[in-house]
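In: Take this sequence and fold it.
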Amino acid sequence: MRFIFIKRKWVIISAISLTLIICGLLFFRPNVVPVNVEPSTDEHEVYTFHMVTGEFSTTTESGKEIEAYRWDPGTIVVPMGKEITLTILGVNGKEHPFFIEGTNVKGTVKKGEETVVTMKFSKEGTYRLICTAHPDKEHNGPMIAYIVVD
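Out: Okay, here's the model as predicted:
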């Protein structure tokens, strides 16, 4: 008959290792948010998306100050054929006149104010939200967000 001896040191090392592995898995797991995928019965449901204006600025080694403006988030995915509301808060920059390509939507986001736009997309595709004050590099841009209609 053979006996297996388990040393207390092995038990402690195993317990610590298992604890570290579990903590590591919990810490490094991807942040997954459960989504309710049941179809809505409400025909007038409005999807709201919140955005802000942002600015990056820095000084180069030569002393030149540079800045760039952006919409945040830079890409949103919206449902086709459903009414959506974009709520855009002006955080940086005095004002950002904008339009959405392929639509009649235009507006201006002003610093410290919220601009609310409601619309419905009837075609799938990618639409660009473009700030006309910052359309390219020469104007501290491009300040473009992408609206993906799915």
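In: buried residues in stretch 108-125?
Out: Applying a neighbour-count criterion of 16 or more other Cβ atoms under 10 Å, one finds 109-110, 115, 117, 121 buried in stretch 108-125. Where you see a C-beta, it was placed from the backbone N, CA and C, and this is true even at glycine.
In: Repeat that for stretch 59-73.
Out: So for stretch 59-73, counting by 16+ other Cβ under 10 Å, buried means 68-71.
In: picking that back up, which members of the buried residues of stretch 108-125 are the farthest-apart pair?
Out: Farthest pair in the buried residues of stretch 108-125 (Cβ to Cβ) is K110 and F121. Separation: 25.4 Å.
In: show me what contacts the residue nearest to the spatial centre of the chain?
Out: Centroid check for the chain by Cα atoms, centre = their mean gives P73 as the closest residue, at 3.6 Å. P73 is in contact with 51, 145, counting by Cβ atoms under 8 Å, 6 or more residues apart in numbering.
In: Give me the phi and psi for it.
Out: Main-chain torsions, P73, degrees, to the nearest 10: phi -70, psi 160.
In: sorry, back to before: and the buried residues of stretch 59-73, which two are furthest apart?
Out: A68 and W71 (11.6 Å).
In: Please enumerate the shared neighbours of those two.
Out: M143.
In: just the buried residues of stretch 108-125 now: which is nearest T132?
Out: V109 (11.5 Å).
In: What's the first helix or strand after the helix or strand harbouring that closest one?
Out: Secondary structure from DSSP states H and E places V109 in strand 106-110. The helix or strand immediately downstream of strand 106-110 is strand 114-120, counting by DSSP H and E.
In: could you say what helices and strands that following strand packs with?
Out: Here strand 114-120 touches strand 83-89, strand 106-110, going by 3 or more Cβ pairs under 8 Å, 6 or more residues apart in numbering; DSSP states H and E.
In: From the chain's centroid, how far away is it?
Out: Chain-centre distance of strand 114-120: 17 Å, with Cα atoms, centre = their mean, to the nearest Å.
In: any chance of the buried residues of stretch 108-125 in a markdown table, plus distance to Y146 and pLDDT?
Out: Formatted as a markdown table, these follow (distance: Cβ to Cβ, whole Å; pLDDT from 0 to 100):
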| residue | distance to Y146 | pLDDT |
| --- | --- | --- |
| V109 | 17 | 95 |
| K110 | 23 | 94 |
| T115 | 18 | 94 |
| V117 | 16 | 94 |
| F121 | 13 | 94 |
